[in-house]
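1. Just need the structure, nothing else, for what follows:
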Amino acid sequence: MTLQLATLFETVAAAVPDRLALVCGDHRATFAELDRRADAQAARLRASGIGPGEHVGLHLTNGPEYVEALLACVKARAVPVNINFRYTDRELHHLYTDAGLAALFVGAEFAPAAARVAADCPALRLAIVIGDGDGDGPAEKEPWPDRIAVADYPDVPDGAAAPRDGRSPDDRFIIYTGGTTGLPKGVVWRHEDFYMAALRGGNHYGEPHRSAEALAAAAESGFPLTYLVTAPLMHGAATYNLLSALLTGSPTVLMRRFEPFEALRLIEREKPLIVMVVGDAIARPLADAIRAHGAAYDLSSVKVLGSGGAILSRSVQEEFAELIPDLHVNNGFGASESGVDGTIAVGADGLMRLSPNPRVTVVDAALRPIPPGSDEPGYIARSGHVPLGYHNDPEKTAATFPVIDGVRWSVLGDMARVEADGTVVVLGRGSGCINTGGEKVFPEEVEQALKAHPAVMDALVAGVPDERFGERVAAVVEARPGTAPTADELRAHCRGHLAGYKIPALITFTGAVMRSPSGKADYRWAKRVLTGQEGTPHA
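-> Here you go, the predicted model:
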């Protein structure tokens, strides 16, 4: 059988039909039930004229409907497109039009925004609205263009079969990523490449399963590892976790929206072995909830804390080690442009070291491998199963996914250097690198130092203009509730971790550090705050 995502899921579902697949609120579905509901939605897409290769937007918060719609797309050979439900109209307009959506699954609360954008999407002809909204209904609040058929998300009748014609490992899967700067861009994957790179071939602990039969046999004989997914599925890391769970025959417990005390209740009720977070933005509030009220809940099932999409700080890892003895922390490193590239270990020296991966290397600007022991920083790059490129953007595709001697590479924006023993030390995003008097400072290193202070809840670091040095290192800091650290206190703390030129010359305190719903840093917001455009006082 082909390594196509729908075929892989269906083969696993047939092997473990009565096993629990999905929990969200009061909704519970077995693999057979989830497969049947997704089948009916796939049949509906085809009956509505949505053909193979056409793009279908998922403008939804977490819920069973999101999972069913995602599976329906790959079953119908349509291309799912994740949509960030926090985007402004401007960002939505860019994503909708750039993606060329033909159909849309949209939550009722987002339907007015979708309708405002729809007129500029000539390919869009079907909108399936999920939920009741909060008033007169989305159609009355904002009219849709006449050419778009607007329908409710229905209960699914038995017997509706998904089309199975023409499935191929070359079918497409798109992840739109906003990253930390710029407008969102769509990363285009082949199904087979996505399965091997982002889902690790259905096996995170060994050799990939290279057929649907082998994958299903492993799921049937293996021990199901229940996942609690705290992050929104419109984020790539959460989608990786969802599909990894489904393709290993494991249950997924979804949170509609992250709330730390609700996470504790779910852990006690559903007994997940793995809790998925996105960096400190989710992990730190969860740790605070455990410290304050963990004794009231049975958290003994949790054996793994897995982070994707953002790096967990050493201080948060140490806090979880104290709160949950024998907990394994998997600090995942990867990107929408490369899948899962390894794990990060944050050392006592504050450096972030990447676990070995034969497909991952560090290259210079000419794409030549940087030899071990060199002080020269380079770019992290991956070969093998990598995306085809960015949708609708050949220029960025050529820069990020060059083909060298017949091999496609994914060259990430993350910079690194290679130690003498071959260990890769991750420095941070090259686009965020601060040049202060000729010295290079990576924000991530300074953020790690700041977040090691017990009074710091979160921090973002960016460069601000300076007449003498070109740029100065500056930080936006969110203090823990009940604390009031001073700028001088934080600078003194940083001196024990950083060279002098890396210590923030400017520190701004804010009520809450702005991040995306998935936990990614919003450095554009940080720069606005640090340059006074948000009206927050400096120190």
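
2. Pretty sure residue 144 sits against residue 150.
-> Yes - counting by CB atoms under 8 Å, residue 144 touches residue 150, with 5.3 Å between them. (Each C-beta comes from the backbone N, C-alpha and C, glycine too.)

3. can you list residues touching both of these two?
-> residue 127 (CB atoms under 8 Å, 6 or more residues apart in numbering).

4. Flag the shaky bits of this protein, pLDDT-wise.
-> Within the chain, the ranges that satisfy pLDDT under 70 run 1, 133-141, 155-159, 179-182, 517-519, 534-539.

5. most distant residue from the middle of it?
-> Computed with CA atoms, centre = their mean, the residue of the chain farthest from its C-alpha average is residue 468, at 38.5 Å.

6. those helices in the stretch 301-450 of the chain, which residues are they?
-> Using DSSP state H, counting those that start in this stretch, the helices of the stretch 301-450 of the chain run over residues 314-323, 394-400, 443-451.

7. who's in contact with the longest one?
-> Around helix 314-323, the neighbours that count as contacts under CB under 8 Å, 6+ apart are 280, 283-284, 287, 290-291, 294, 305, 327, 329, 331, 346-348, 350, 448, 451-452, 454.

8. distance between stretch 309-324 and the chain's centre?
-> 18 Å (CA atoms, centre = their mean, to the nearest Å).

9. Let me fix that, I meant to ask about stretch 380-387.
-> Using CA atoms, centre = their mean, the offset of stretch 380-387 from its chain centre is 18 Å.

10. which parts of it are buried?
-> Across stretch 380-387, burial judged by 16 or more other CB atoms under 10 Å covers 380, 381, 382, 384, 385, 386, 387.

11. Let me have those in a markdown table, adding distance to residue 63 as columns.
-> Below are the buried residues of stretch 380-387 laid out as a markdown table (distance: CB to CB, whole Å):
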| residue | distance to residue 63 |
| --- | --- |
| 380 | 35 |
| 381 | 37 |
| 382 | 33 |
| 384 | 34 |
| 385 | 30 |
| 386 | 31 |
| 387 | 27 |
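
12. with these in mind, which one is nearest to residue 311?
-> Comparing the buried residues of stretch 380-387 against residue 311 with CB to CB places residue 380 closest, at 13.3 Å.

13. tell me the contacts of that closest one?
-> 341, 354, 360, 361, 362, 411, 412, 414, 415, 416, 424, 426.

14. Identify the farthest-apart pair in the residues you listed.
-> The largest separation in the contacts of residue 380, counting by CB to CB, is between 354 and 411 at 15.4 Å.

15. Pull the number of nearby residues for residue 5.
-> Residue 5 has 27 neighbours, counted by other CB atoms under 10 Å.

16. Contact partners for the residue nearest to the residue farthest from the centre of the chain when sequence neighbours are not counted?
-> Among residues not flanking residue 468 along the chain, residue 437 sits closest, at 7.5 Å (CB to CB, 6 or more residues apart in numbering). Going by CB under 8 Å, 6+ apart, residue 437 touches 468, 469, 470, 501.

17. Just the ones of the residues you listed in strands?
-> The members of the contacts of residue 437 that map onto strands under DSSP state E are residue 470.

18. Which members of the contacts of residue 437 are classed as buried?
-> Buried residues within the contacts of residue 437, counting neighbours by 16+ other CB under 10 Å: 469, 501.

19. which one among the contacts of residue 437 gets closest to residue 337?
-> The closest of these, once distances to residue 337 are taken by CB to CB, is residue 470, at 29.5 Å.

20. Show the contacting residues for that closest one.
-> By CB under 8 Å, 6+ apart, the residues touching residue 470 are 435, 436, 437.

21. can I get those residues in JSON lines with distance to residue 252?
-> Formatted as JSON lines, the contacts of residue 470 follow (distance: CB to CB, whole Å):
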{"residue": "435", "distance to residue 252": "44"}
{"residue": "436", "distance to residue 252": "45"}
{"residue": "437", "distance to residue 252": "49"}
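
22. nearest to residue 192, of the residues you listed?
-> Residue 192 lies nearest to residue 435 out of the contacts of residue 470, by CB to CB, at 41.1 Å.

23. Tell me what the residue nearest to residue 369 when sequence neighbours are not counted is bridged to.
-> Take residue 369 and drop its neighbours on the chain: the residue closest to it by CB to CB, 6+ apart is residue 361, 5.3 Å away. For residue 361, the beta-bridge partners under DSSP bridges are residue 381.

24. Nearest to residue 238 among the buried residues of stretch 380-387?
-> Proximity of the buried residues of stretch 380-387 to residue 238 (CB to CB) peaks at residue 387, which lies at 18.4 Å.

25. From residue 202, how far off is that closest one?
-> Distance of residue 387 to residue 202, given as CB to CB, to the nearest Å: 19 Å.

26. Any idea how many residues pack against residue 250?
-> Residue 250 has 23 neighbouring residues, counting by other CB under 10 Å.

27. Pull the contacting residues for it.
-> Counting by CB under 8 Å, 6+ apart, residue 250 has contacts 219, 224, 225, 226, 227, 244.

28. how about a cut-off of 6 Å?
-> Counting by CB atoms under 6 Å, 6 or more residues apart in numbering, residue 250 touches 224, 225.

29. On the three-state scheme, it is what?
-> coil (DSSP: H, G, I helix; E, B strand; the rest coil).

30. Let me see the backbone angles for it.
-> Backbone dihedrals for residue 250, given as degrees, to the nearest 10, come out at phi -110, psi 150.

31. Residue 163 contacts residue 45, doesn't it?
-> No - the pair residue 163 / residue 45 is not scored as a contact, 9.0 Å apart, by CB atoms under 6 Å.

32. Noted, bye for now.
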